[in-house]
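Peer 1: turn this into a structure:
(2 chains)
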Amino acid sequence: MTLYAIIFYVLAAVIVVTTGLAITRRNLVHVVVYLVFSFFGSAMLFYLFGAPLLAVLEVIIYAGAIMILFLFIIMMVKTETFEERLFPFRQWLPVALIGVVYLVIGALIVSSAPGNQVMLKIALARPEAFGEYLFQRHWLAIEIISLLLLVALVGALYLGRKKAEDDI
Amino acid sequence: MLNWIVGFTILIVKLGVVLLVLLLLAAYLVWLERKFLARLQIRYGPNRAGKFGLLQPIADTIKMLTKEDIVPAAADRFIFLLAPAVVATTALMMFAVVPFGSHLTLWGRQIPLVITDLNVGLLYVFALSSLGVYGVAMGGWASNSKYSLLGGIRGAAQMISYELALGLSLVPVVMLAGSFSIVDIVNAQAKYPFIIVQPFAFVIFMISAMAESKRIPFDLPEAENELGAGYHTEYSGIRFGLFFLGEYVHLQILGALVAVLFLGGWRGPILPPPVWLFMKMIFVALIMIWVRGTLPRLRYDQLMALGWKVLIPLALVNIMVTGAILLI
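Peer 2: Numbers count the residues shown, from 1 in each chain, chains lettered A, B, ... in the order given. Take a look at the predicted model:
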């Protein structure tokens, strides 16, 4: 095992454990904290694979912006403790179904793919290369996504304004 | 293998020196702030421990280390204990990408005077700064006290709002330097510091930086006269000390960022490079203390209006103008 492999398995373990903790905790703030650890682990994984830009973007956008908004909402809501079982049976069924399908497909891919024995070379993606690739090949998709976000923003503003006016 | 060991040793030594300097400087920044603020308010400031009160930071540290570490009975223990560490660690780690010289040649080896030159250095600083918000928000929530919660929520809202202005104000600097690496940005200022060509970006960055480090006039998360001490009301001993440390390390890192992004970093005549960086950092810190001694606290709506309606549009216009000029 090389040093990279050891780091990879440690990070993978961190991600799996924190994600597992995140979906089993009752306390919503704890869930957010574990999820942040999980995102942080994924960011480290990106860095290990030679994509520092993706790593920092993962931390800035997912761990730093989206989760902080979740935390913001959760902090203001009074969290109730639920008495019922953590996972009732009717929730287990779809989880198990999807899980089995995922496992089978994953096993098939790992066993049948010809490339899985080859060690990949470490490639370092510079931010410039990443930006050029993104904006030269996928500019249309980026414009559509930005427009969608703008529409969502305007919609949120409209709803917020309307509610504020109703309150007065 | 030998090469690897030598490289590792150099890294550890660099980390040790930088951490030591950061911690010492944080302690003495508190002294400097108290002394300078006292002078602005026509007082003496600390003057009992040692000459000019110079031993005051050491006395304070010993006091904080030996005080009882209290966790309130109703607090969420896990998060309560975690929050101060998040604030201090994220602040300390940010310094890893700040260069304090070009390089040192020792026994035929070139040692770059920066802990690590990431090609996304600037974004790394933002990533850590956005994680620092968690310390404030979680500390406020976990204390299970109304004042702390209000402080935590204010802190989170303020920091995510001003992070946008902070990031946008630096886009023109990145455009001019053509790189996210802070070493490259300093090298791009070999002829002239960026403050000359980007005065607007400099002003926006300074204001947002003050808001990010939650200092007066932006200290709503800890506003003493309305919230006790805000998010760290319930903390005592060294955990309070860690919040305090995080705040002053943040002050240093923002001073260092202003220095490397706008004032030419370690560049300067005659004196050795680290001394220049140090002087520029202290200069920025003094300006921030001066502002603290001069301006009253903003109201919450004024704070949000300044961030969203003034700084962010200004920063966007600045990006467009810079882009147009670069294209021509």
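Peer 1: residue in chain B with the shortest distance to chain A?
Peer 2: Of all residues in chain B, B:Ser130 sits closest to chain A, at 2.8 Å by C-beta to the nearest C-beta. The way it works is simple: take the backbone N, C-alpha and C, and place the C-beta from them, glycine included.
Peer 1: and the closest residue to that residue other than its chain neighbours, what's its pLDDT?
Peer 2: Excluding its sequence neighbours, the residue lying closest to B:Ser130 (C-beta to C-beta, 6 or more residues apart in numbering or on different chains) is A:Gly64, at 2.8 Å. On pLDDT, A:Gly64 comes in at 82.
Peer 1: give the buried residues for stretch B:292-301.
Peer 2: B:292, B:297-298 (16 or more other C-beta atoms under 10 Å in any protein chain shown).
Peer 1: what is the end-to-end distance of that stretch?
Peer 2: 20 Å (C-alpha to C-alpha, to the nearest Å).
Peer 1: check whether that stretch contacts chain A.
Peer 2: No - using C-beta under 8 Å from any C-beta of the partner chain, stretch B:292-301 stays clear of chain A, coming no nearer than 13.2 Å.
Peer 1: biggest helix in chain A by residues?
Peer 2: helix A:139-167 (DSSP state H).
Peer 1: please compute how far that one lies from its chain's middle.
Peer 2: 23 Å (C-alpha atoms, centre = their mean, to the nearest Å).
Peer 1: likewise for stretch A:159-168?
Peer 2: Offset of stretch A:159-168 from its chain centre (C-alpha atoms, centre = their mean): 33 Å.
Peer 1: around chain A, which positions in the stretch 51-200 of chain B sit nearby?
Peer 2: Within the stretch 51-200 of chain B, the positions near chain A by C-beta under 8 Å from any C-beta are B:76, B:78-79, B:82, B:118-120, B:123-124, B:126-128, B:130-131, B:133-134, B:137-138, B:140-142, B:149, B:152-153, B:156-157, B:160, B:163, B:180.
Peer 1: just the buried residues out of the residues you listed, in PyMOL syntax.
Peer 2: Only the buried entries of those go into this PyMOL selection, using 16+ other C-beta under 10 Å:
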select buried, chain B and resi 76+79+82+118+119+120+123+124+126+127+128+130+131+133+134+137+138+140+141+142+149+152+153+156+157+160+163+180
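Peer 1: picking that back up, can you redo the buried residues of stretch B:292-301 as TSV with secondary structure and pLDDT?
Peer 2: Converted to TSV, the buried residues of stretch B:292-301 look like this (DSSP: H, G, I helix; E, B strand; the rest coil; pLDDT from 0 to 100):
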residue	secondary structure	pLDDT
B:Arg292	helix	85
B:Arg297	coil	84
B:Leu298	coil	84
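Peer 1: picking that back up, which of the residues of the stretch 51-200 of chain B next to chain A fall in strands?
Peer 2: Residues of these located in strands (DSSP state E): none.
Peer 1: spatially central residue for chain A, please.
Peer 2: A:Phe39 (6.1 Å; C-alpha atoms, centre = their mean).
Peer 1: surely that residue meets A:Glu58?
Peer 2: Yes - using C-beta atoms under 8 Å, A:Phe39 is in contact with A:Glu58, at 6.1 Å.
Peer 1: quick one: the helices in chain B?
Peer 2: B:2-40, B:56-66, B:77-93, B:121-142, B:146-177, B:182-188, B:199-212, B:224-227, B:237-262, B:273-294, B:300-305, B:312-327.
Peer 1: quick check, the lowest-mean-pLDDT helix or strand in chain A touching chain B?
Peer 2: Counting by mean pLDDT, DSSP states H and E, the weakest-scoring helix or strand in chain A turns out to be helix A:67-76, with a mean of 82. Yes - using C-beta under 8 Å from any C-beta, helix A:67-76 reaches chain B at A:68-69, A:71-72, A:75-76.
Peer 1: dump whichever helix or strand comes after that helix to PDB, restricted to CA.
Peer 2: Remark: after helix A:67-76, the chain's next helix or strand is helix A:89-112, criterion DSSP states H and E. Only the C-alpha atoms of helix A:89-112 are listed here, as PDB (Å, rounded to 0.1, in the frame of the first residue of the first chain):
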ATOM      1  CA  PHE A  89     -40.600  -0.600   8.500                       C
ATOM      2  CA  ARG A  90     -42.300   1.300   5.600                       C
ATOM      3  CA  GLN A  91     -39.200   3.500   5.300                       C
ATOM      4  CA  TRP A  92     -36.900   0.500   5.400                       C
ATOM      5  CA  LEU A  93     -38.400  -1.200   2.300                       C
ATOM      6  CA  PRO A  94     -37.400   1.500  -0.300                       C
ATOM      7  CA  VAL A  95     -34.100   2.000   1.400                       C
ATOM      8  CA  ALA A  96     -33.300  -1.700   1.200                       C
ATOM      9  CA  LEU A  97     -34.500  -2.000  -2.400                       C
ATOM     10  CA  ILE A  98     -32.500   0.900  -3.700                       C
ATOM     11  CA  GLY A  99     -29.500  -0.200  -1.600                       C
ATOM     12  CA  VAL A 100     -29.500  -3.700  -3.100                       C
ATOM     13  CA  VAL A 101     -29.900  -2.400  -6.700                       C
ATOM     14  CA  TYR A 102     -27.000   0.000  -6.100                       C
ATOM     15  CA  LEU A 103     -24.800  -2.800  -4.600                       C
ATOM     16  CA  VAL A 104     -25.500  -5.100  -7.500                       C
ATOM     17  CA  ILE A 105     -24.700  -2.500 -10.100                       C
ATOM     18  CA  GLY A 106     -21.600  -1.400  -8.200                       C
ATOM     19  CA  ALA A 107     -20.300  -5.000  -7.900                       C
ATOM     20  CA  LEU A 108     -21.000  -5.600 -11.600                       C
ATOM     21  CA  ILE A 109     -19.100  -2.500 -12.600                       C
ATOM     22  CA  VAL A 110     -16.100  -3.300 -10.400                       C
ATOM     23  CA  SER A 111     -15.900  -6.900 -11.600                       C
ATOM     24  CA  SER A 112     -16.500  -6.300 -15.300                       C
END
